[in-house]
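Engineer: Model the structure of this input:
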Amino acid sequence: VAGLLLMLATCVQVAKGEEEDEDSDFSFSALFIGFREALEACVIISVMLNMLDKTDNKHLKKWVWIGSFSGLLVSCIVGGGMVGAYYAVKEQVMSANDMYIFEGVFSGIASIFLTFLGIGFLRFADLEKKWSEKLFKRDGVQMPE
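Structural biologist: Okay, the predicted model is just below:
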């Protein structure tokens, strides 16, 4: 849906003759990517809260909300710092070629972060099996094959 909205907004922008400038501070692409990420976070939080309801661990709901709001706060602080650093450095010392280097460094950092995140997800299947075995053993129930 966000992708369709992005394409629609871009088509309207081009039809009006308002092509996106490099100097523009507003980006439809960034707006809809942020919107999509917010929707994904809502889905993850709702799944976590639903699982806590199903497993009779309602007392842990407050920790989901505390973690969600803490993550939002940290994300805003780090994002604000990066935007501030970008504009401070852009105006003072960077040429056009230096801006490409700056963007490349941040892209490299993001790719390293996503690589470690992906490795963590690969280990998730082993953790799920390990904890399932522990829970079945604790309850004295034979684990299904």
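
Engineer: ok, now how distant is Leu127 from Lys134?
Structural biologist: As judged by C-beta to C-beta, to the nearest Å, Leu127 and Lys134 stand 11 Å apart. Quick note: C-beta positions are derived from backbone N, CA and C, even for glycine.

Engineer: right, I mislabeled it, should have said Asp56
Structural biologist: Taking C-beta to C-beta, one finds Asp56 at 18 Å from Lys134.

Engineer: out of these two, which sits in the more crowded spot?
Structural biologist: Lys134 (10 against 7; other C-beta atoms under 10 Å).

Engineer: Next one, pLDDT for the more buried one please.
Structural biologist: On the pLDDT scale, Lys134 is placed at 78.

Engineer: what do you get for the one 3 residues further on?
Structural biologist: Reported pLDDT at Lys137 in the predicted model: 79.

Engineer: Burial check on it, number of neighbours?
Structural biologist: 11.

Engineer: Phe32 now?
Structural biologist: So Phe32, with other C-beta under 10 Å, has 20 neighbours.
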